[in-house]
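Colleague: What follows is a predicted structure for the sequence shown.
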Amino acid sequence: MFQLQLMTALGFLSLVAPPEPTPPDRLKLVEVGSARGAPGQTVRGSLPVAEDPDGSSIALPIAIVTGRKPGPVVWVDASAHGDEYGGPRALQDVVRSLDPETMSGTLVAVMIANVPAFRG
């Protein structure tokens with residue numbers, strides 16, 4: 001019985017076509033929350049993650065810097081603890097210093113990873 005079920009499952013898997021690989025020269029766009037990467041641009045948005053007791057949304061501020069050429073995707077976040085003010089400021093400087101027209105790959109920057117703690 002087990003062998004029959006296994007053979008049936010394997011037979012089904014062989015009928016499903018594998019996904020087509022993405023060519024290495026094709027840029028994959030990253031979307032996080034309301035921020036959708038665009039080639040050669042820096043875009044900003046937010047990622048809703050929870051609700052306050054009063055029902056208002058808690059969202060993380062996001063910036064996505066997408067280069068013109070494909071490359072790795074890097075996720076960097078700051079302010080995991082509420083009293084860390086230097087991290088968000090430094091990450092803002094990093095995002096501003098990047099030139100998406102000349103870079104490869106994508107940077108996803110979460111400026112404040114713990115909004116309730118940052119608010120105090």
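Modeller: Looks like it came in fine. Just so we're clear, the structure is a prediction, and the values are computed from it rather than from any experiment. Numbers count the residues shown, from 1 in each chain.
Colleague: Give the next helix or strand downstream of the lowest-mean-pLDDT helix or strand in the chain.
Modeller: In the chain, the helix or strand scored least confidently by mean pLDDT, DSSP states H and E is helix 2-15, which has a mean of 40. The element immediately downstream of helix 2-15 (helix or strand, assigned by DSSP states H and E) is strand 31-32.
Colleague: So which elements touch that next one?
Modeller: When contacts are defined as 3 or more Cβ pairs under 8 Å, 6 or more residues apart in numbering; DSSP states H and E, strand 31-32 packs onto no helix or strand at all. Placement of C-beta: from N, CA and C, glycine included.
Colleague: partner strands of it, parallel or antiparallel?
Modeller: strand 35-36 (antiparallel) (DSSP bridges).
Colleague: in the helix or strand just after the partner strand, what counts as buried?
Modeller: Scanning forward in sequence from strand 35-36 by DSSP H and E, the next helix or strand is strand 41-51. Within strand 41-51, the residues that count as buried by 16 or more other Cβ atoms under 10 Å are 42, 43, 45, 46.
Colleague: Against residue 55, how distant is the first one?
Modeller: What that stands for is residue 42. 32 Å (Cβ to Cβ, to the nearest Å).
Colleague: Equivalent analysis for the second one, please.
Modeller: Residue 43 sits 28 Å away from residue 55, going by Cβ to Cβ.
Colleague: Also residue 75?
Modeller: 29 Å.
Colleague: what about these two, which has more around it?
Modeller: residue 75 (11 against 6; other Cβ atoms under 10 Å).
Colleague: Okay, and the beta partners of that one?
Modeller: residue 108.
Colleague: neighbouring contacts of stretch 94-114?
Modeller: For stretch 94-114, contacts defined as Cβ atoms under 8 Å, 6 or more residues apart in numbering pick out 30, 32, 37, 39-42, 47, 60-82, 88, 91-92, 118.
Colleague: Taking those, please make a ChimeraX selection of just the buried ones.
Modeller: Here is the ChimeraX selection string for the buried members of these, based on 16+ other Cβ under 10 Å:
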select :30,32,37,42,60,61,62,63,64,65,66,67,70,76,77,78,79,88,91,118
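Colleague: Find the residue ranges of this protein scoring beneath the pLDDT cut-off.
Modeller: Judged by pLDDT under 70, the chain has its weakly predicted residues at 1-25.
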